[in-house]
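Engineer: I need the structure of the sequence given here:
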Amino acid sequence: TIQSTRRDHRTAPSSKMTKTTTSLPVSTDLFVDKTATHSSVATYYGETLQKSSDLKTNACCTAARPAPHIAEAISNVHPDVVAKYYGCGFCVPDEVRGTTVLDLGCGAGRDVYIAAQLVGPDGRVIGVDMTEEQLRVARETRPYHAERFGYDNVEFHLGLIEKLDDIESLEDGSVDVIISNCVINLCPDKEAVLKSCFRLLKPGGELYFSDVYASRRVPKELRDDEVLWGECLSGALYWNDFQNLARGCGFADPRLVEDAPITVENEAVQRRIDELGHSNLEFYSATYRLFKLDDGLLEPHCEDYGQAVIYKGTIPRFEGGWALDDHHYMEKGKVFPVCGNTYNMLKETRFEEHFDFIGDFSTHYGIFEGCGTSMPFSSSAANGGVSTKGGGGSGCC
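Structural biologist: Down below sits the predicted model:
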């Protein structure tokens, strides 16, 4: 098991580092032949996998039950689309009505069609995927969903999410929310993905995505295994490398929303990992939100300026309280002390209208209490093994 300091539930989930880097061993030595990697992933998801039950592990399965409004949205999605869903979380955030949403690695379009209902007729949802077989299902069911919803607000593009520049209709600063569901780990150039996301987002926008992370850097012999790569394990970033990489791409304070352990429920796959001497390597499914704010509004560490917020209870479905991430649950009407970064994440984004703000940045009181550097996942053995997803680590929806 991993040895680390136990993290209190109220400790900041993002590990605040003293140095930001973008040159990581795991990103530069990931795969020499990126074309072969893309081809392998496309074959695995376009031909090898025909439905969710074909997966060999639960890395690309959603353990927690969806919220009622998400379950209702899923019920309106065509069965063929739902059958080809390989995600590891519910990655559409709150308060998206009327926004422009980009889904990276949209596959057959399940999350696109969920988001299409949440953004409404005045919003727009764009799906990008590299697999023609998956996109064919998404496009063929587009008329079905337009009739079901009463409007058509989606579009799909064939392409690599590392090369979003190739999609001419995607303009810099044009997207409010970018979502991705268990896909970025499949990309050999994760830095290119995150940099493109930062470029495409409007100021105040966010990348909100579920993916797979590892307790340590995944060794090369596992990264070279095509099945483990397709199962979203071999491409998993070590959590601390991910947070450093995100900061280096402009996302100064990654926030963990929820996490759950991944269990390899396949004897052959687990035997392969054990035989290579990596039985202590742990994997986690986690949802992060990464905000893009103007320069200077997010600091490398959580700093204390004596500020607080009061939630008004006005976000739909969250009248009693609302959670920004796994350690900021704000009850309606209660004064909630926050660091400077959290203050700006609420004030400089679409959430501003739902809060009253107390204080300013005139006086600095030092580091915000509880800003730590241990592994962020509550579901890790070192942190007590309690999943914040509420459903454990198994079971596909």
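Engineer: From Leu118, how far off is the most centrally placed residue in the chain?
Structural biologist: In the chain, the residue lying closest to the centroid (Cα atoms, centre = their mean) is Phe209, at 1.7 Å. From Phe209 across to Leu118, the span is 16 Å (Cβ to Cβ, to the nearest Å). For every residue, glycine as well, the C-beta is placed using N, CA and C.
Engineer: Can you identify each of the strands in the stretch 251-397 of the chain by residue range?
Structural biologist: 255-261, 283-291, 307-311, 321-323, 329-331, 335-338, 355-358 (DSSP state E, counting those that start in this stretch).
Engineer: May I see the buried residues of the fourth one?
Structural biologist: Which is strand 321-323. Across strand 321-323, burial judged by 16 or more other Cβ atoms under 10 Å covers Trp322.
Engineer: Kindly provide the whole-number mean pLDDT of that strand.
Structural biologist: Strand 321-323 shows a mean pLDDT of 98.
Engineer: repeat for the third one
Structural biologist: Confidence for strand 307-311, expressed as mean pLDDT, is 98.
Engineer: ditto for the second one
Structural biologist: Within the predicted structure, the mean pLDDT of strand 283-291 is 94.
Engineer: Parallel or antiparallel, which strands does it pair with?
Structural biologist: Sheet pairing of strand 283-291 (DSSP bridges) gives strand 201-214 (antiparallel), strand 255-261 (antiparallel).
Engineer: circling back to that earlier point, which residues does the residue nearest to the centre of the chain contact?
Structural biologist: The contact partners of Phe209, taken as Cβ atoms under 8 Å, 6 or more residues apart in numbering, are 91, 104, 178-181, 184, 287-288.
Engineer: Closest to Pro68 out of the residues you listed?
Structural biologist: Closest approach between the contacts of Phe209 and Pro68, by Cβ to Cβ: Cys91, at 17.2 Å.
Engineer: Surely that closest one is within a strand?
Structural biologist: No. Using DSSP: H, G, I helix; E, B strand; the rest coil, the assignment for Cys91 is coil, not a strand.
Engineer: wait, doesn't it sit right on Asp111?
Structural biologist: Yes. Cys91 lies in contact with Asp111 (Cβ atoms under 8 Å); the separation is 6.5 Å.
Engineer: Pro261 contacts Ala214, doesn't it?
Structural biologist: No. Under the criterion of Cβ under 8 Å, Pro261 is not in contact with Ala214, lying 11.6 Å apart.
Engineer: which neighbours do these two share?
Structural biologist: Common neighbours of Pro261 and Ala214, using Cβ under 8 Å, 6+ apart, are 282-284.
Engineer: Show the pLDDT at the spatially closest residue to Phe351 that is not a sequence neighbour.
Structural biologist: Nearest non-adjacent residue to Phe351, counting by Cβ to Cβ, 6 or more residues apart in numbering: Glu95, 6.4 Å away. Confidence at Glu95, expressed as pLDDT, is 97.
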